[in-house]
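Colleague: Provided below are the primary sequence and the corresponding predicted coordinates.
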Amino acid sequence: MISTTAEVREQHRFDPAALERYMREHVAGFAGPLGVKQFRGGQSNPTYYLTAGGREYVLRRKPPGKLLPSAHAVDREYRVITALGGIGFPVPRTYALCEDAGVIGTVFYIMDCVHGRVITDPAIPGLTPRERAAVYDSLGEVQARLHTVDWQALGLGDFGKPGNYFARQIHRWTQQYRASETEKIEAMERLIAWLPEHLPPGDETTLVHGDFRLGNTIIHPTEPRVAAVLDWELSTLGHPLADLAYNCLPYRFTREWEGLADKNLAELGIPTEEDYVAAYCRRTRRAGIPDWDFCLAFAMFRLAAIAQGIMGRALAGTANDPNARERGARARPLAESAWALVAGCAG
């Protein structure tokens, strides 16, 4: 992990002495002097690598500047990681949440530095088939465990709105899509009309991650298992199958989108989508998922709306990502893939 750090970016600098004073007072066992580096990568919340007294920490903060009211919720991240850590779920240990923006300029929290491998390619190059199978088994086990924790007992009863998740999310992402629409995408128009009319019967509420994928985990340095789950800023109370469907999208994409659809899964040792979902169902004691195509289409629709937002920022000249236009161009094929999935039952 440390090889991915660099000097702190100009726009993300703060006074290390102020942070050191805070940590002396609020972080048990802290001893200076404090060293500060910044993790490279496109985190929406600036993330720093701290060293002090032979120990390592990670700091996550809200970015400086004017922000949307609910965005970059590092306080929510801290809350859910702290709660899950208390029951032995694989997350970094947390030390302190500072809601006083006067210390380093924005709200931040401090957690343990977990060492391991961050793997973004779902084909997991460089491992043996047996190791890949074990990583996927661990990933599925961790997600099933997340969806079966007693969130009320963890004190997270007010962490989101229980129930009606799909309907609320479809409305929200339709609004987001409309706000950044740059062209008419017929498949998106069809989805906006069709999805609210075909919500799966019944309802469930669990703790969901919101962006659960291999790239948001740290794999143990030497063992093929998940050591920690990261990036909880989208976590809330929601429908577990929305989380699972998003996690399974690489099965539907080809290598140009870091997908698995054109890979020989048996040769790689990676379970098929059917086997991965079946293992999840066994672990969560679910008989099956009759509305799986709806769940996948919803996950693609949500990603299409996110891509459209990126394209809107790219055209407005406000995007941070140098690949923003390329990522934004995914809105149409994502919408078309989603519509192709449900078109057979669209009446």
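Modeller: That came in fine, so what should we check first? Numbering: from 1, shown residues only.
Colleague: Sketch out the strands for the stretch 151-300 of the chain, chain order is fine.
Modeller: For the stretch 151-300 of the chain, the strands defined by DSSP state E, counting those that start in this stretch cover 206-208, 217-219, 226-229, 236-238.
Colleague: lowest-confidence helix or strand of the chain?
Modeller: helix 324-328 (a mean of 81; mean pLDDT, DSSP states H and E).
Colleague: Can you tell me which helices and strands that one packs against?
Modeller: Under the contact definition 3 or more C-beta pairs under 8 Å, 6 or more residues apart in numbering; DSSP states H and E, helix 324-328 sits against helix 292-316. Bear in mind the C-beta positions are built from the backbone N, C-alpha and C, glycine included.
Colleague: Which positions within the helix it packs on qualify as buried?
Modeller: 292-314 (16 or more other C-beta atoms under 10 Å).
Colleague: for the least confident helix or strand of the chain, the distance to its chain's centre please.
Modeller: Put simply, helix 324-328 sits 19 Å off its chain's centre (C-alpha atoms, centre = their mean, to the nearest Å).
Colleague: what sits against P290?
Modeller: P200 (C-beta atoms under 8 Å, 6 or more residues apart in numbering).
Colleague: Can you check the distance spanned by stretch 9-28, start to finish?
Modeller: End-to-end distance of stretch 9-28 (C-alpha to C-alpha, to the nearest Å): 28 Å.
Colleague: Next one: the spatially most central residue of the chain from F253, what distance?
Modeller: Per C-alpha atoms, centre = their mean, the C-alpha nearest to the average position across the chain is that of D211, at 2.4 Å. D211 sits 16 Å away from F253, going by C-beta to C-beta, to the nearest Å.
Colleague: Now do stretch 28-41, average pLDDT.
Modeller: For stretch 28-41, mean pLDDT rounds to 89.
Colleague: in it, what counts as buried?
Modeller: Buried residues in stretch 28-41 (16+ other C-beta under 10 Å): F30, L34, V36, Q38, F39.
Colleague: roughly how far apart are the closest residue to W257 other than its chain neighbours and A338?
Modeller: The spatially closest residue to W257, leaving aside those adjacent along the chain, is R330, at 7.4 Å (C-beta to C-beta, 6 or more residues apart in numbering). Distance from R330 to A338, counting by C-beta to C-beta: 12 Å.
Colleague: which residues do those two both contact?
Modeller: In contact with both R330 and A338: A304, using C-beta under 8 Å, 6+ apart.
Colleague: Among the two, which residue is more densely surrounded?
Modeller: A338 (28 against 21; other C-beta atoms under 10 Å).
Colleague: Give the rounded mean pLDDT of the helix or strand harbouring that one.
Modeller: Assigned by DSSP states H and E, A338 falls within helix 331-342. Mean pLDDT, computed over helix 331-342, is 94.
Colleague: give me the low-pLDDT residue ranges for the stretch 1-150 of the chain?
Modeller: 1-3, 41-44, 65-72 (pLDDT under 70).
Colleague: which residue ranges form the helices in the stretch 101-250 of the chain?
Modeller: 129-146, 165-179, 186-194, 240-248 (DSSP state H, counting those that start in this stretch).
Colleague: Which stretch among those is buried most, on average?
Modeller: helix 240-248 (a mean of 23; mean count of other C-beta atoms under 10 Å).
Colleague: Just the CA coordinates for that one, please, in CSV.
Modeller: Backbone C-alpha positions of helix 240-248 (Å, rounded to 0.1, in the frame of the first residue of the first chain) are rendered in CSV as follows:
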residue,chain,number,x,y,z
PRO,A,240,-29.3,-6.5,-0.3
LEU,A,241,-30.0,-7.6,-3.9
ALA,A,242,-29.1,-4.2,-5.3
ASP,A,243,-25.7,-4.6,-3.6
LEU,A,244,-25.3,-8.2,-4.9
ALA,A,245,-26.3,-7.3,-8.5
TYR,A,246,-23.8,-4.4,-8.6
ASN,A,247,-21.1,-6.8,-7.3
CYS,A,248,-22.0,-9.2,-10.2
